[in-house]
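>>> Task: produce atomic coordinates for the following.
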Amino acid sequence: VQLVESGGGLVQPGGSLRLSCAASGNIFSINAMGWYRQAPGKQRELAAVFTGGGSTIYADSVKGRFTISRDSAKNTVYLQMNSLKPEDTAVYYCNMDLYTSGDSVRKNYWGQGTQVTVSS
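I've put the predicted structure just below:
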């Protein structure tokens, strides 16, 4: 299984970016999926996720500005980021908790990360 992220880059404060993460491989079903981020010198933290029950969780710092969405048919999760602030600067990582075909054990996978820099 491979998670491939795209959409990061440099944006001015107040701008927008849309991140995408597509999973490929022998995937049977995806339980939970979402985005985490890690700023320089800080621990990785949750940004926005879909839980296994289908609900969404957002970090307080991104509520009202970020929107997570998904295309289950494409095994893809998106993160629309609006009104970006310099403190949103981080490497954003995609994460999925899923079953592969023929495997009864759910496993967790990470993408390689995509850099988001918010600066004037």
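
>>> Which of the helices or strands spans the residue most central in space within the chain?
Central residue of the chain (CA atoms, centre = their mean): W35, 2.4 Å from the mean position. Assessed by DSSP states H and E, W35 sits inside strand 27-38.

>>> Give the pairing partners of the following helix or strand past that strand; include direction for each.
Past strand 27-38, further along toward the C-terminus, the next helix or strand under DSSP H and E is strand 45-50. Note on strand 45-50: by DSSP bridges, its sheet partners are strand 27-38 (antiparallel), strand 56-58 (antiparallel).

>>> Please spell out which residues along the shortest one are buried.
Taking 16 or more other CB atoms under 10 Å as the neighbour-count basis, strand 56-58 is seen to contain the buried residues Y58. To be clear about C-beta, it is placed using only N, CA and C from the backbone, and glycine gets the same treatment.

>>> what sits up against it?
Identification of contacts with strand 56-58 by CB atoms under 8 Å, 6 or more residues apart in numbering yields 34, 46-51, 66, 68.

>>> 7 Å - rerun?
Under the contact criterion CB atoms under 7 Å, 6 or more residues apart in numbering, strand 56-58 has outside partners 46, 48-51, 66, 68.

>>> Off-centre distance for it?
Mean C-alpha position of strand 56-58 versus that of the full chain (CA atoms, centre = their mean, to the nearest Å) differs by 11 Å.
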